[in-house]
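J.: Next come a sequence and a model predicted from it.
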Number of protein chains: 2
Amino acid sequence: MEVCMGQPMADDLGFLLSRASGQVVRATNAALAEHGLRVRTYSVLVFACEAADGLNQRELAGFLGLDPSQVVLLVDELVAAGLVERQAAETDRRTRLVVPTAQGRRVREAAGEAADAAVEVPLGLLGDAERDRLRDMLTRIWTATG
Amino acid sequence: MEVCMGQPMADDLGFLLSRASGQVVRATNAALAEHGLRVRTYSVLVFACEAADGLNQRELAGFLGLDPSQVVLLVDELVAAGLVERQAAETDRRTRLVVPTAQGRRVREAAGEAADAAVEVPLGLLGDAERDRLRDMLTRIWTATG
DNA sequence: GCGTATCGTGGAGGTTGTCAACGATGGAGG
DNA sequence: CCTCCATCGTTGACAACCTCCACGATACGC
């Protein structure tokens, strides 16, 4: 009959990707909770800390792969927590640059360590070389669609 | 000063994982829409098709990494679409086995091809050997927490 | 100047994640 | 046999998330 036999679900890369992602996100969220952050807000904070000359919310949305309207809420939350500020850009008054406060940088530091430690649980079985390869592949998946 | 310099966000495996996962899920959802499915319902359908002697909803939740209460709704949806049935298990009357209908198997077949094709876009830059390695790593991430 | 595009923002509607219950059934031990 | 406790499916509530559309403000090409 040879009916109904595609690849098993447990070999489907999309499925594996989202299941593993969920796993890591759960672990990271739990670790970030004590710092008042979630993965989303943490990501925004880190990107803001990295950009030397600031990032507007549209660029942020692009990097994160999110809708700009979500970034508004995330930045709102970080502003309320005193971790970032919205600064007026001189070149384009439509945009608001998201820049970290001094406290934001401190929290980012501590939260980063907690997140790294938490992620060691699900990623513990992967060696350094494997993690590099994984990073490379995931980055290429991202760039494939743009 | 050496302040605020953990690894850049773009190198964080958790971040890359969830971003790539979102990408693939979006592409797959778009492809499955014409078959009346989403990644979630599709995953349930495929697992049901694979299990020779049926799967109860608790096992399904375990494989999928979901809360059992979510599986109820997903199976409800598939039942309403006529793709699976809930069968009483003989050994344990608490459980309901989720088994595909004939139409469910047909739809699974067609939807599977559409999903595979859609996923080629984000995964296009990965060779076969790389996909095998990726599968292996993602599976180990899953089993690390169990 | 004038039309068009882009930025941040807000709102609507649907999906997902998490958690705590509840009735029904199974199973172990007295 | 009966009682206590675990497990199964199910429901409900609530927060988070995603997607899309629309608006005012600003920039830019013509």
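T.: That came through fine.

J.: Other residues contacting the helix or strand containing A:Val119?
T.: Assigned by DSSP states H and E, A:Val119 falls within helix A:102-123. With contact meaning CB atoms under 8 Å, 6 or more residues apart in numbering or on different chains, helix A:102-123 is reached by A:20, A:23-24, A:27-28, A:30-32, A:34-37, A:42, A:45-46, A:48-49, A:78, A:82-84, A:100, A:131, B:3-4, B:6-7, B:12-14, B:141-142, B:144-145. For glycine as for every other residue, the C-beta is placed from the backbone atoms N, C-alpha and C.

J.: Enumerate the residues of chain A near DNA strand C.
T.: Within chain A, the positions adjacent to DNA strand C are A:22, A:26, A:29, A:56-58, A:61, A:68-69, A:72, A:75-76, A:86, A:92, A:94-96 by CB under 7 Å from any atom of the strand.

J.: Quick one, which of those residues are buried?
T.: The neighbour count (16 or more other CB atoms under 10 Å in any protein chain shown) marks A:22, A:29, A:56-57, A:61, A:75, A:86, A:95-96 as buried among these.

J.: Show me the shaky parts of chain A.
T.: Chain A contains residues with pLDDT under 70 at A:1-6, A:146.

J.: What ranges does it have for its helices?
T.: Here chain A has its helices, by DSSP state H, at A:13-33, A:39-50, A:57-64, A:68-80, A:102-123, A:128-145.

J.: which of these sits most buried?
T.: Among the helices of chain A, helix A:39-50 has the highest mean neighbour count (mean count of other CB atoms under 10 Å in any protein chain shown), at a mean of 23.

J.: That one vs helix A:57-64, what angle?
T.: Here helix A:39-50 points in a direction 110 degrees away from that of helix A:57-64 (axes from the mean of the first three to the mean of the last three CA atoms, to 10 degrees).

J.: Which neighbouring elements make contact with helix A:39-50?
T.: If contacts are counted by 3 or more CB pairs under 8 Å, 6 or more residues apart in numbering or on different chains; DSSP states H and E, helix A:39-50 sits against helix A:13-33, helix A:57-64, helix A:68-80, strand A:84-88, strand A:96-100, helix A:102-123, helix B:13-32.

J.: With distance to B:Arg105 added, can I get these in TSV?
T.: Formatted as TSV, those follow (distance: least, CB to CB, whole Å):
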stretch	distance to B:Arg105
helix A:13-33	18
helix A:57-64	39
helix A:68-80	38
strand A:84-88	52
strand A:96-100	50
helix A:102-123	34
helix B:13-32	16
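
J.: how about those, which one is nearest DNA strand D?
T.: Nearest to DNA strand D among the helices and strands packed on helix A:39-50 is helix A:68-80; the distance by CB to the nearest atom of the strand comes to 3.8 Å.

J.: Distance to DNA strand D added to the helices and strands packed on helix A:39-50, as JSON lines?
T.: Shown next, in JSON lines, are the helices and strands packed on helix A:39-50 (distance: least, CB to the nearest atom of the strand, whole Å):
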{"stretch": "helix A:13-33", "distance to DNA strand D": "8"}
{"stretch": "helix A:57-64", "distance to DNA strand D": "8"}
{"stretch": "helix A:68-80", "distance to DNA strand D": "4"}
{"stretch": "strand A:84-88", "distance to DNA strand D": "9"}
{"stretch": "strand A:96-100", "distance to DNA strand D": "11"}
{"stretch": "helix A:102-123", "distance to DNA strand D": "14"}
{"stretch": "helix B:13-32", "distance to DNA strand D": "5"}
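
J.: Can you give me every residue that contacts the residue positioned nearest the centre of chain A?
T.: By CA atoms, centre = their mean, chain A has its centre lying nearest to A:Ser43, at 4.0 Å. For A:Ser43, the contact set (CB under 8 Å, 6+ apart) comprises A:64, B:9, B:15.

J.: Thanks a lot, see you next time.
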